[in-house]
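# Give the three-dimensional model of this entry:
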Amino acid sequence: MKVLKTIGLAMAGLIFLIVIISFFLPGSYHVERTIIVQTDASLPFTLTKDFREWDKWLPWHKLDTTMAKTYSEEQGVEGSWYTWNSQNPEAGKGKVTILKLVENEYIENEMAFDGMGTTIATFTFEPAEGGTKVLWALDGNGKGMPWYWLIPSKYFNLMMDRMVGKDFEKGLAKLKEVCETMPKPEQVAGFDIEERVMESVKLAGIREKIKTADMNSNLFGKWFGQVSQEMQKQKLIPNGAPRTIYYQYGSKQVEVEAAIPVAEIGHSKEVVKFHEMPGMNVLVVKYYGDYNKVESVYIAAYDYIKAKGKASTGAPMEIYITDPGMEKDTAKWLTEIVFPLD
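Have a look, this model is predicted:
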């Protein structure tokens with residue numbers, strides 16, 4: 001009995017000591033690694049902002065190549081997300097959401113691990129000699145973690161750099177390899193292009209026929225404001241970047257819609273209507289610059305499509321990836337000009 005009592009007291013003392021020591025340990029951790037990629041920032045930025053591209057370079061996806069993954073309808077914008085669910089306990093399950101995105105400069109993701117709280121992962125892209133410096137960082141402080149993990153997490157904080165750092169190095173090395181061996185994208189009017197499958201998207205928008213001369217950014221700003229107000233009234237969540245869709249375009253009159261993607265179809269009103277745009281094959285021109293200087297891009301894109309033996313008779317659209325309210329330099333405004341392919 002005396003032996004058991006002694007062991008019990010020793011265990012209690014050890015637990016007490018572990019708890020006391022934990023008060024003096026760091027309550028957060030920071031891990032970061034960098035690499036130089038010998039391309040401009042647009043390529044590594046694209047491969048990190050679009051979660052569908054993570055299979056090409058993220059080492060944790062290799063832990064279980066059959067894990068279930070789901071993606072938000074629109075990728076590469078603030079609010080985009082993906083979830084994973086693996087039977088492999090090393091991979092587990094969780095969700096990643098883009099919180100902040102500055103085109104070709106910065107990405108901030110929230111990573112939520114099932115039952116284990118959240119962390120913040122960031123990617124920073126800076127010009128460097130020979131290409132682009134990519135910095136991948138991870139920061140955590142026990143937010144959302146179950147109470148019984150708070151003390152053990154203090155000890156894990158001391159080991160996070162060793163535990164995660166090597167995977168960061170592997171991931172960045174693979175990202176560098178993919179970027180530097182990837183064929184350079186074709187261009188139209190000096191801007192990168194790509195063909196892709198655009199998934200169906202639910203939209204809230206205002207569609208009207210107006211005089212071509214009356215079409216300007218102030219009008220579209222007013223329409224987007226009205227759409228946002230109606231979404232708020234119906235408690236609908238935005239699910240992508242705002243866009244304008246040009247159903248008819250003439251020298252005197254244009255039929256155009258200013259629309260915002262939504263997670264769910266709402267109730268159409270007199271002005272704001274809800275509908276679902278079907279999925280389609282598209283050509284996307286990644287245009288940087290002032291909204292009022294896109295005419296030459298349209299002409300060049302239609303010439304390119306014709307030269308490829310294809311046709312585009314559907315309604316083109318402009319998806320405004322960069323928020324002008326957040327970025328004042330028009331040269332950094334990214335607009336995806338989308339041409340449906342027949």
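# so where is this structure shaky, pLDDT-wise?
Counting by pLDDT under 70, the chain contains low-confidence ranges at 1-28, 115-116, 142-160.
# show me the contacts for the residue most central in space within it.
By C-alpha atoms, centre = their mean, the mean C-alpha position of the chain lies nearest to residue 76, the distance being 3.3 Å. Listed by C-beta atoms under 8 Å, 6 or more residues apart in numbering, the contact partners of residue 76 are 46, 49-50, 98, 101, 321. Just so you know, the C-beta spots here come from the backbone N, C-alpha and C atoms, and that holds for glycine as well.
# And those, which of them are buried?
46, 49-50, 98, 101, 321 (16 or more other C-beta atoms under 10 Å).
# Now stretch 318-335: buried residues?
318-322, 333-335.
# Those residues into CSV, with extra columns for secondary structure?
Conversion of these to CSV gives the following (DSSP: H, G, I helix; E, B strand; the rest coil):
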residue, secondary structure
318, strand
319, strand
320, strand
321, coil
322, coil
333, coil
334, strand
335, strand
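# what's the span of stretch 325-338, first residue to last?
Stretch 325-338 stretches 23 Å from its first residue to its last (C-alpha to C-alpha, to the nearest Å).
# I figured residue 48 hits residue 123, correct?
Yes: counting by C-beta atoms under 8 Å, residue 123 is a contact partner of residue 48 at 5.0 Å.
# still on that earlier bit, can you tell me which two in the contacts of residue 76 are farthest apart?
Farthest-apart pair in these is 46 and 98; separation 13.2 Å (C-beta to C-beta).
# coming back round to it: could you dump the buried residues of stretch 318-335 into TSV and include distance to residue 210?
Formatted as TSV, the buried residues of stretch 318-335 follow (distance: C-beta to C-beta, whole Å):
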residue	distance to residue 210
318	16
319	20
320	19
321	25
322	25
333	23
334	26
335	20
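# residues in contact with residue 171?
57-59, 136.
# Buried ones among those?
By neighbour count, with 16+ other C-beta under 10 Å, the contacts of residue 171 hold 57-58, 136 as buried.
# and which of those residues is nearest residue 70?
Nearest member of those to residue 70, counting by C-beta to C-beta, is residue 58, at 16.0 Å.
# mind checking the backbone torsions on the closest one?
Here is the backbone geometry of residue 58 (degrees, to the nearest 10): phi -80, psi 120.
# which stretches of the stretch 1-150 of the chain form helices?
Under the criterion DSSP state H, counting those that start in this stretch, the stretch 1-150 of the chain contains helices at 2-22, 42-49, 150-181.
# Having no further points to raise, I will conclude here.
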